[in-house]
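Enquirer: Predicted coordinates and the sequence they were generated for:
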Amino acid sequence: MDKNVAQIWNERYSKSAYAYGKEPNAFFKEELAKLPPAGILLPAEGEGRNAVHALKEGWNVVAFDQSEAAQQKALKLAEEQGQHLEYAVADALEYLCPVMVDVLAPIYFHPPGTIKLEAYIRLSRFVAPGGHLIFEAFSEKNIGMGSGGPQGRSMCFTVESVKQLFADFGKLEVWEEKIILDEGLYHNGEAWVIRARGTK
């Protein structure tokens, strides 16, 4: 685990306010509603907004993040909502999912370019055959937009790079879209994102 990166996120998540709000990501919520509740893995889950929503909808959730402060906030949010959340503190290259899952949902998971492919391919291996993908992250076009997200090209995405990351999903739709973000303190305004859904 990169201790420097973990410390950056610990500092962001140590504040009382929820950095990206308590409501689930809109695309995640919309796509999740199309599937029957089953097992779902949420990598880099931050303060738990998507995990808690999934729990309330009847999903069996496993989640992780490299930030201990994020885990504490996520568990607090789950407790507030009367939910029990399985949430580990781990790096994407070290995390061992305790079960095979039916859905992988990376929402704004932006690993450094040097490990991006390895991290995503590794996470995809935890998805059972016939399982699904729900993905949203910042496009390279979002650099300089002021709506949040990484400002380095290697940490952002293109349609083609996402297709490469999820090549083992036989049925895969990937597209770029301009949206309005309203997610807490750090995701606000017009943003270019890459969205994807697929079936393994």
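Expert: Sure, I can see it. Numbering: from 1, shown residues only.
Enquirer: drop to CA atoms for contacts and neighbour counts, all remaining ones
Expert: Will do.
Enquirer: Now that Glu173 has come up, it's in contact with Ala196, right?
Expert: Yes - Glu173 lies in contact with Ala196 (CA atoms under 8 Å); the separation is 5.4 Å.
Enquirer: So between those two, which is more surrounded?
Expert: The neighbour comparison of Glu173 against Ala196 (other CA atoms under 10 Å) goes to Ala196, with 21 against 15.
Enquirer: Distance of the more buried one relative to Ile107?
Expert: 10 Å (CA to CA, to the nearest Å).
Enquirer: okay, and the common contacts of those two?
Expert: Ile134, Phe135, Glu136 (CA atoms under 8 Å, 6 or more residues apart in numbering).
Enquirer: now the helices for the protein?
Expert: Secondary structure of the chain by DSSP state H: the helices cover 3-13, 26-32, 49-56, 68-80, 116-124, 159-165.
Enquirer: List the buried residues in the first one.
Expert: Of the residues in helix 3-13, those with enough neighbours to count as buried (16 or more other CA atoms under 10 Å) are Ala6, Trp9, Asn10, Arg12, Tyr13.
Enquirer: Kindly report the same for the last one.
Expert: Counting neighbours by 16+ other CA under 10 Å, one finds that the buried residues in helix 159-165 are Val159, Val162, Lys163, Leu165.
Enquirer: go on, the fourth one?
Expert: Along helix 68-80, the positions that meet the burial threshold by neighbour count (16+ other CA under 10 Å) are Glu68, Ala69, Ala70, Gln71, Gln72, Lys73, Ala74, Leu75, Lys76, Leu77, Ala78.
Enquirer: how close does the fifth one get to Thr158?
Expert: I take that to be Gln72. 32 Å.
Enquirer: circling back to that earlier point, right, and the helices of the chain - which one's nearest Tyr95?
Expert: helix 116-124 (8.7 Å; CA to CA).
Enquirer: Averaged pLDDT, that closest one. What do you get?
Expert: Rounded to a whole number, the mean pLDDT of helix 116-124 is 96.
Enquirer: Which strands or helices does that helix pack on?
Expert: helix 159-165 (3 or more CA pairs under 8 Å, 6 or more residues apart in numbering; DSSP states H and E).
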